[in-house]
Each structure stands twice: as structure tokens, then as C-alpha cells.
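A.B. asks: Here is my input; please provide its structure:
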Amino acid sequence: MPGTISAAGSAQLTVTPRGATGTGVNVQVQVSLAVQSARDVLAVPVSALLALSGGGYGLEVVGPSGVHRLVAVTAGLFASGQVQVSGAGVTAGTRVVVAQ
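C.D. replies: Numbers count the residues shown, from 1 in each chain. Okay, the predicted model is just below:
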């Protein structure tokens, strides 16, 4: 399944507490706390990441002619099924293979 590297305006990792303390009757509250964020990053679905035999991560990139090649990337923040990536030849709009 093809995917595309997207230029995310911001990637934000959030933690939502499962339990809360306080008082109230029939009151439901959901709280999200941003513990780390990054702006102007490139992001791909987490399922596009491949573990490299020498360690680290890679992406299977699909070139304009349809040729596939493996590109090493550095993974950053993980949030909402996306992961921040950087590496040589990794640009917004690059097509990548995503596991199903």
C-alpha cells in the first residue's frame, strides 16, 4: 500500500490520563497534556518504518519510475499513528510503502 511523506505543521505527542480525581456527579472530562512537540517536520505512518539489520530505521521509497529503494531515516516523535522522520533524500511528497 503506498503512502506519502507529509510535511506536518506540527507533530504532538499527547498523554491522556486514564483516571482522574475530583468531585462531581455524572461529569465526564477528558484531558490531554502535550509532553513534547515539534513543528515543521516530515511525518509518515508508523507502519512505513522498517527495522534495519544494522540497527535504526528505514523507509521503502518508491521513485517516480516505480523503482523501490531502501532509505535510512532517523525517527523522532511518535504520535497519533505517525512518526517524525529525517534523512538524506527524504522530502515532503516522497512516496513510501506502508505495511497493511
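A.B. asks: quick one: pLDDT of the nearest residue to residue 86 once chain neighbours are set aside?
C.D. replies: Leaving aside its chain neighbours, residue 86 sits nearest to residue 74 (5.1 Å; criterion: C-beta to C-beta, 6 or more residues apart in numbering). Backbone N, C-alpha and C define where each C-beta goes, glycine included. For residue 74, the pLDDT comes out at 95.
A.B. asks: Now residue 74: which helix or strand?
C.D. replies: Here residue 74 sits within strand 68-79, counting by DSSP states H and E.
A.B. asks: ok, the next helix or strand after that strand: who's next to it in the sheet?
C.D. replies: Once the chain leaves strand 68-79, the next helix or strand it forms, by DSSP H and E, is strand 82-86. The strands that strand 82-86 pairs with in its sheet are strand 33-45 (antiparallel), strand 68-79 (antiparallel) (by DSSP bridges).
A.B. asks: worst average pLDDT in these?
C.D. replies: strand 33-45 - the lowest mean pLDDT of those, at a mean of 80.
A.B. asks: Name the residues of it that are buried.
C.D. replies: For strand 33-45, a neighbour-count test (16 or more other C-beta atoms under 10 Å) marks 41-45 as buried.
A.B. asks: Make TSV out of these and add distance to residue 83.
C.D. replies: Output for the buried residues of strand 33-45, formatted as TSV (distance: C-beta to C-beta, whole Å):
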residue	distance to residue 83
41	10
42	10
43	6
44	6
45	8
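A.B. asks: What is the nearest of those to residue 35?
C.D. replies: residue 41 (16.2 Å; C-beta to C-beta).
A.B. asks: How about that closest one, nearest residue that isn't a chain neighbour?
C.D. replies: residue 84 (4.5 Å).
A.B. asks: Check the gap between that neighbour and residue 46 for me.
C.D. replies: 11 Å (C-beta to C-beta, to the nearest Å).
A.B. asks: Hmm, residue 81 is touching residue 48, no?
C.D. replies: No - Residue 81 is beyond contact range of residue 48, at 10.5 Å (criterion: C-beta atoms under 8 Å).
A.B. asks: This completes my enquiry, with thanks.
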